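Colleague: need coordinates for the following:
(one chain, ligands or ions: 1)
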Amino acid sequence: MTATPSTLAPTTVDFAPPRAAGAQGKSGGGELTDLGRLILHCADQPGIVAAISRFLADHDANIIESDQSTSDPEGGHFFLRMVFHKRDLQAYIEQMEATFEASITDQFDVTDWSITSASAPKRVAVMVSKYDHCLLDLLWRARRGELPVQIGLVISNHADLAAEVRSFGVPFVHIPVTRDTKAEAEAKQLELLRGNFDLVVLARYMQIITNDFLEKVGCPIINIHHSFLPAFIGAGPYQKAKDRGVKLVGATAHYVTEDLDEGPIIEQDVVRVSHRDDVATLERRGADVERSVLHRAVLWHCEDRVLRQDNTTVVFA
Ligand SMILES: Nc1nc2c(c(=O)[nH]1)N[C@@H](CN(C=O)c1ccc(C(=O)N[C@@H](CCC(=O)O)C(=O)O)cc1)CN2
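Modeller: Prediction:
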C-alpha cells in the first residue's frame, strides 16, 4: 500500500492487509481445524436447545461444550454457545449456515447467530498512544500462542513505539492526531483498517473515536479503560482515584461506543491500594490489572464467548 503524500503522511508504511493465517507463534491451529462454534441470541422459548442439538446431530457434529443463559424464562432473551467437532468442518460450514438459516431462524425469533470455525485466528489491529504495557502484552501473548489472533497492524498517534512493534515483525503506522486534523487522521486510519480486520483493540489509545469512524470501521472495537467503571470516566482516572482516596483501583475492558467509556463491559478487575500509594504507584499497580483484563477480554471475544445484549454482555468464560 502506498502512502498518499498529505500533511498526515505517516512516517513509514510497510503494511499489506493480513491474510488468514495460523495464530502468531502457532502453526496453523491443527488441533482446532475440525472445531466449530455455534452462537445464538434469540427470544427465549421451550425447545431451543433440543432443536440446536438436533440440527448439529443431523450434521454429524458432536457437541463438546455448551453454555446457555436466559434473561427471563418467560419471554426473555436466550443466549447459547456451543462448541462442536465435525470432521472436515471447513467443507461443510456454508451448508450448515444455509440449513440453519432455513430451519432454525424460521422456528425461533432470532436476533443474532453465527457458525464459525475455531481454527481461524481473528485478524487484529491495535491502536496505541504512548503507554506500551497493554500493547506489548498483547504482542507477546500472541507470539507465544496464548491468543488466537493474527496482529497485522499497529497504528499510533505517536512514533515512540515504532521500533518495539517492528521487533515483533508487526507493521507500525504513525498517524499524528490533533484537534484540527482528527477527521483526516481517522480517514487515513480507516483506509488501513476497513475490511482488513475482525477486531480493533484500543490498547491505551488516548484519542476519542468519532461515531463516523465507529460506523465505518466494519468490526468491533475493544478498549481498555484504566479505571473500575463506572468510576472515573475519561482522561486521568488515577489522579482522580488518588484525589478521591479510593482503596481499590482497577481496569475495565469494554466495547467502544460513541459515548466515552460507556460501552458494554466485557471484563473488569481491581487491586487494593492505600493512602501510602502516590499516583505513580497507582498507575504501576493499575497497569498490571489493565494487562490481565485486556488479555482476558480479547481472548474471550476471539473465542466467541462474549454475546452483546443492548449495552450489556453475556460472557461464557
Ligand atoms: N468513542 C470512544 N472513543 C474512545 C473511547 C470510548 O469509550 N469511546 N475510549 C477511549 C480511551 N480512553 C479511556 O479509556 C480515553 C481516551 C481519551 C480521552 C481524552 O479525553 N482524550 C482527549 C485528548 C487527550 C490527548 O490528546 O492526549 C481528547 O480526545 O480530547 C479520554 C479517555 C479511546 N477512545
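Colleague: so Leu147 is in which element?
Modeller: Taking DSSP states H and E as the definition, one finds Leu147 inside no helix or strand.
Colleague: once you drop chain neighbours, what's closest to it?
Modeller: Arg141 (4.9 Å; CB to CB, 6 or more residues apart in numbering). C-beta here means a position set from N, CA and C on the backbone, and glycine is covered the same way.
Colleague: hang on, Thr313 in a strand?
Modeller: Yes - looking at Thr313 with DSSP: H, G, I helix; E, B strand; the rest coil, it is inside a strand.
Colleague: ok, it - contacts?
Modeller: Residues near Thr313 by CB atoms under 8 Å, 6 or more residues apart in numbering: Tyr255, Pro264, Ile265, Ile266, Val306, Leu307.
Colleague: now secondary structure too, for the residues you listed, in a markdown table please.
Modeller: Shown next, in a markdown table, are the contacts of Thr313 (three-state DSSP):
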| residue | secondary structure |
| --- | --- |
| Tyr255 | strand |
| Pro264 | coil |
| Ile265 | strand |
| Ile266 | strand |
| Val306 | strand |
| Leu307 | strand |
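Colleague: would you turn those into a markdown table with neighbour count and pLDDT?
Modeller: Supplementary listing: these in a markdown table, determined by neighbours: other CB atoms under 10 Å; pLDDT from 0 to 100:
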| residue | neighbour count | pLDDT |
| --- | --- | --- |
| Tyr255 | 18 | 98 |
| Pro264 | 18 | 98 |
| Ile265 | 19 | 98 |
| Ile266 | 25 | 98 |
| Val306 | 24 | 98 |
| Leu307 | 22 | 97 |
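Colleague: so which of those residues comes closest to the ligand?
Modeller: Among those, Tyr255 lies closest to the ligand (CB to the nearest ligand atom), at 8.6 Å.
Colleague: wait, isn't that closest one in contact with Gln309?
Modeller: No - proximity of Tyr255 to Gln309 does not meet the contact threshold set by CB atoms under 8 Å, at 11.7 Å.
Colleague: show me which residues of the stretch 101-250 of the chain are close to the ligand?
Modeller: Residues of the stretch 101-250 of the chain lying close to the ligand by CB under 6 Å from any ligand atom are Leu202, Tyr205, Met206, Gln207, Ile208, Ile209, Asn223, His225, Gly234, Ala235.
Colleague: beta-bridge partners for the residue nearest to the first one when sequence neighbours are not counted, please?
Modeller: This means Leu202. Among residues not flanking Leu202 along the chain, Asn223 sits closest, at 4.1 Å (CB to CB, 6+ apart). Asn223 has these beta-bridge partners by DSSP bridges: Leu202, His254.
Colleague: hmm, Asn223 is touching Asp259, no?
Modeller: No - using CB under 8 Å, Asn223 makes no contact with Asp259, being 11.8 Å away.
Colleague: the two: which has the busier surroundings?
Modeller: More crowded of Asn223 and Asp259, by other CB atoms under 10 Å: Asn223, with 24 against 10.
Colleague: got the contact list for the more buried one?
Modeller: The neighbours of Asn223, taking CB under 8 Å, 6+ apart as the test, are Val201, Leu202, Tyr205, Ala253, His254, Tyr255, Val256, Asp261, Gly263.
Colleague: please tabulate these in a markdown table, including the columns distance to Gln107.
Modeller: As requested, these are exported to a markdown table (distance: CB to CB, whole Å):
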| residue | distance to Gln107 |
| --- | --- |
| Val201 | 37 |
| Leu202 | 39 |
| Tyr205 | 43 |
| Ala253 | 35 |
| His254 | 33 |
| Tyr255 | 29 |
| Val256 | 34 |
| Asp261 | 39 |
| Gly263 | 32 |
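Colleague: Gly234 is in contact with His226, isn't it?
Modeller: No - the criterion here is CB under 8 Å, and Gly234 misses it with His226 at 10.6 Å.
Colleague: between those two, which one's more packed in?
Modeller: Neighbours were counted for Gly234 and for His226 using other CB under 10 Å; His226 has more, 26 against 11.
Colleague: and the more buried one, backbone torsions?
Modeller: His226 adopts backbone torsions of phi -90, psi 50, taken as degrees, to the nearest 10.
Colleague: and it, how far is that from Gln107?
Modeller: 45 Å (CB to CB, to the nearest Å).
Colleague: Leu192 now?
Modeller: The spacing between Leu192 and Gln107, counted by CB to CB, is 42 Å.
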